[in-house]
Each structure stands twice: as structure tokens, then as C-alpha cells.
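Novice: Pasting the sequence and the predicted model now:
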Amino acid sequence: MKILAFDTSTRGISLAVADNQTILRRRNPKSQFLSSSIMPAIQSILKSCGLTLKSMDGIIIGLGPGSFTSLRVGIATAQALTFAHKIPAVGLSSLDTIAMNVKVDGTICVMNDARRGLVYACVYEKRNSSLKRLTDYSLDTPEALVENLDSSMMVIGDAVPLYRTLLLQRGLTLMEDPKMFFPDARHLVTLGFEQLQSCRDTARCAPTHNLAPIYLYPDNCQVHK
């Protein structure tokens, strides 16, 4: 099964092409104009694999939370491709994908900047390539979030450098490599492969099924980055 995976929840794009769970190519191109660059980026990575959109069997897309505008562009692209090529698509939280950047096992809190003095967050238990979500996705102040975190946890995400002092005061282990702060589309394949395969094999997902972004801000208070 040939899979196209991409995440647009941040200012960049993370792309991966896989044959079942084997990653053929992955790229993280940067662009200020996502709406005009996403299709050329997709076509370029497919071409480098000797593939086309017509040869794709499914799509896995990051659903956020994150940049309101970027998410709309990415999800609209996924919806258009599923409709045009009659293939299924599944969506996963971008926070789940970031948690997979941690290479060691343990309890992980993903903490991303949501602007306005707030953070997006979720806590996970990671064992090998298995990820178990322990909390709901949340939008909170960093102070309120930290109060509920155990000192044995690892914290990752682009809010780490912003609230480093607060996190260290709690005794938390910080993942401070900036390359680990953002979604990596190869992890979308790891986390979403079985769901996509089940969807495709059982025909439970229509090609145009509704992919909904994860917005934690109220509908009348979206944050544009």
C-alpha cells in the first residue's frame, strides 16, 4: 500500500511517502506561502520516489492543533486528493506525532505554543513505537498545566524554550532539540498505518469522508499564526 502522509499544522510542511510502513522519502520544506507550495511539494516528493498521485492508496494527514490557516490548507488538500483519486484518508493529532519524536520510552508531555499565553498539551505513555494517550488534548496556561505534571515526565514541543524556567522549577526533563519540536510525517505512517489499512480493506471510510481539524480555541476565537 502506497501512502502519502503530510502535516501542515506549523509554518512548514512535513511530508513522507511510504510503501506500507517502509518510508521511501521524507522532507520538511519551509515556505511562507503554504497554499501555493503544498501541491508542488507533494508532486516533487512523489516524483523522487518514481510515483504519482494516481499510484497512492491512501493519505494520512495531521489534524493539529496548530495554525488555523495552515491546517485549513492541509486538510482541504487532503480532501481534494481523496475525492479526485478515490482513495481513503485518515487524520491524527499533530501532538501525537510530536510525541513520537522522543526516542526513549517513558511518560511524555507534548507542550506547544498556542499564543496568548496559552499552550496546547497532551500526555502520553510511549513504549517502543506504541503510543498511549493518557489525557485529553488541552488548551491551558503553562502554569496550570505544569501543576498537573509529574516530575518524572519528559516535555517536548515548541513551548519548551518559552517556559523553560517554569518547567525546570518543576523538575521536568526537557527535550530541547528544536528539530524535535515539530511534527514529522514519517510518524504519521507509524501511528496511522493500521487505521488506514483497516479503512481501506473494509471500505468503512468513504473517499470523501470528513476530516476535521482539532481546534481547541473556541470557534469565534481562532488563532492565526
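Specialist: Done, it's in.
Novice: which stretches of this structure form helices?
Specialist: Along the chain, counting by DSSP state H, helices occupy 34-48, 68-85, 94-99, 142-147, 164-169, 185-202.
Novice: List of residues touching stretch 178-188?
Specialist: With contacts defined as Cβ atoms under 8 Å, 6 or more residues apart in numbering, stretch 178-188 is touched by 5-7, 9-10, 12, 14-16, 18, 23, 26, 28, 60-62, 92, 94, 96-98, 100-102, 112, 156-158, 160-161. C-beta coordinates here come from the backbone N, C-alpha and C atoms, glycine included.
Novice: can you tell me the distance between the two ends of that stretch?
Specialist: In terms of Cα to Cα, to the nearest Å, the two terminal residues of stretch 178-188 are separated by 19 Å.
Novice: gap between that stretch and the chain center?
Specialist: Relative to its parent chain, stretch 178-188 has a centroid offset of 7 Å by Cα atoms, centre = their mean, to the nearest Å.
Novice: go on, stretch 96-111?
Specialist: Relative to the chain's own centre, stretch 96-111 is displaced by 12 Å; criterion: Cα atoms, centre = their mean.
Novice: now stretch 59-77
Specialist: With Cα atoms, centre = their mean, you get 9 Å for stretch 59-77.
Novice: Looking at this structure, name the residue that lies furthest from the middle.
Specialist: Residue farthest from the centre of the chain, counting by Cα atoms, centre = their mean, is Gln169 at 28.5 Å.
Novice: Pretty sure Ala121 sits against Leu145.
Specialist: Yes - contact criterion Cβ atoms under 8 Å: Ala121 and Leu145 qualify, at 5.3 Å.
Novice: list residues touching both of these two?
Specialist: Contacts common to Ala121 and Leu145, judged by Cβ under 8 Å, 6+ apart, are 109, 111, 138.
Novice: Good, wrapping up.
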